[in-house]
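>>> from the sequence below, what's the structure:
(one chain, ligands or ions: 1)
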Amino acid sequence: MRLQPNRDYVSNDEVQTPLDLAERLVRHFSPSGRILEPCRGAGHFLRFLPEGTAWCEINDGRDFLQWNQPVDWIITNPPWSKIRAFLSHAMTVSTNVVFLLTVNHVWTKARIRDIQHAGFGIKEIVLVEMPPSFPQSGFQLGAVHVAKGWSGSIGFTDLSVPVTTKRSAKKSGRPAGKCLTTDERLIVV
Ligand SMILES: C[S@@+](CC[C@H](N)C(=O)[O-])C[C@H]1O[C@@H](n2cnc3c(N)ncnc32)[C@H](O)[C@@H]1O
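As a prediction, the model looks like this:
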């Protein structure tokens, strides 16, 4: 019995979030107060976050797991091989945490337990399209917002836009591997 859509995909912690997707997520969550991008990579989220947003990046000598100043919001695409450590630590320093990941990552008993034990709850799941540059596991990509003290129901939003596949690109004449916004403007991913 197959429990996983694709067991052969290769995970990669260095994948950068496409600019258009980072912008859409920052606009949607509109973080305010003290904000931290805990693993900025090439800085694609940071570009759309307010000036003064703090950041960490292990490759630049700033280890998020050593960060201990309180913040109001953390928003990022974390290294998927370290989600448990990242989420657990994020909930000790921030009241709101938004992680872009395949949503199954937060749907394990262990992760739900971590969230509950930290006094947090899942406030919203925002579905987005899987960029072609991301590892293709077959699982749904989403931005999961966990909030301190949240015990209400989980909001569910679909912010995804169509991605052109090789087949649909052939039909439409549009280049493959591009995302289309809802107004059909081409976005390079
Ligand atoms: C999936 S990439 C995402 C980069 C960026 N957040 C984005 O969304 O485009 C994850 C990043 O986490 C960084 N990273 C891994 N472990 C880290 C740690 N302990 N502290 C800070 N950054 C870390 C990696 O070097 C990589 O740049």
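>>> and the residue of the chain found nearest the ligand, what does it touch?
Residue of the chain nearest the ligand, by C-beta to the nearest ligand atom: Gly41 (2.5 Å). Any C-beta I mention is one placed from the backbone N, CA and C, and that applies to glycine too. Listed by C-beta atoms under 8 Å, 6 or more residues apart in numbering, the contact set of Gly41 reads 14, 16-17, 57, 77.
>>> go again using 6 Å as the cut-off
With contact set as C-beta atoms under 6 Å, 6 or more residues apart in numbering, Gly41 has these partners: Gln16.
>>> tell me the SS of it?
Classification of Gly41 using DSSP: H, G, I helix; E, B strand; the rest coil returns coil.
>>> quick one: the strands in the chain?
Ranges of strands in the chain, per DSSP state E, are 35-37, 54-55, 71-76, 94-102, 120-128, 141-148, 155-158, 179-180, 186-187.
>>> mind putting the ones you listed in JSON lines, mean neighbour count and distance to the ligand included?
Output for the strands of the chain, formatted as JSON lines (neighbours: other C-beta atoms under 10 Å; distance: least, C-beta to the nearest ligand atom, whole Å):
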{"stretch": "strand 35-37", "mean neighbour count": "25", "distance to the ligand": "6"}
{"stretch": "strand 54-55", "mean neighbour count": "18", "distance to the ligand": "9"}
{"stretch": "strand 71-76", "mean neighbour count": "24", "distance to the ligand": "4"}
{"stretch": "strand 94-102", "mean neighbour count": "23", "distance to the ligand": "7"}
{"stretch": "strand 120-128", "mean neighbour count": "20", "distance to the ligand": "12"}
{"stretch": "strand 141-148", "mean neighbour count": "22", "distance to the ligand": "11"}
{"stretch": "strand 155-158", "mean neighbour count": "12", "distance to the ligand": "19"}
{"stretch": "strand 179-180", "mean neighbour count": "20", "distance to the ligand": "15"}
{"stretch": "strand 186-187", "mean neighbour count": "14", "distance to the ligand": "15"}
